[in-house]
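Student: Quick one: sequence and predicted model below, then my questions.
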Amino acid sequence: MSDAPPPPGWNPSEQPPPPPPPTWSDPVAPAAPQWGAQPQPGYQPMPVVNDPRKSKIAAGLIAILIPGWGIHNFYLGYTGKGIAQLVLTLTCIGSIVSIPWSIIEGIMILTGSINTDASGVPLKD
């Protein structure tokens, strides 16, 4: 054993005794602590916002980069137009119509000519 003195403030006789072991009559577990620390004074948490708007850039790029399949219309909630473009694309001659249709709609979305989704909610930038 070392002859070094114990750290200041440490004395085994001043330590509280360990808690007694649990018995069968004790509750199974103590109350669970709350998650996270309590906020500090002056702390303002960021509000969690669920923005229901669809992205104008995403819809426009989908229409231009994946033309003809109507994916951008499904994304914006225009299911009927999306199904029409999908059916046209699956026919050989119909893809001649649906591909330019998608590209034109993609340009219209990006320029703001089409600025709402099927529910009438404005698209976000």
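Tutor: That came through, no problem. Treat the numbers as computed from the prediction; the structure is a model and nothing was measured.
Student: Using the three-state scheme, assign the spatially most central residue of the chain.
Tutor: To find the centre residue of the chain, average its C-alpha atoms and take the closest one (C-alpha atoms, centre = their mean): that gives N50, at 8.6 Å. What DSSP: H, G, I helix; E, B strand; the rest coil gives for N50 is coil.
Student: How confident is the prediction for it, by pLDDT?
Tutor: With respect to pLDDT, N50 scores 78.
Student: which regions of the protein lie under the pLDDT threshold?
Tutor: 1-2, 6, 8-15, 22, 24-40, 43, 45, 48 (pLDDT under 70).
Student: And the helices in it?
Tutor: Assigned by DSSP state H, the chain shows helices spanning 56-65, 71-76, 79-90, 95-111.
Student: can you list contacts of the third one?
Tutor: For helix 79-90, contacts defined as C-beta atoms under 8 Å, 6 or more residues apart in numbering pick out 68-74, 94-95, 97-99, 101-102, 118. (Glycine included, C-beta is placed from N, CA and C.)
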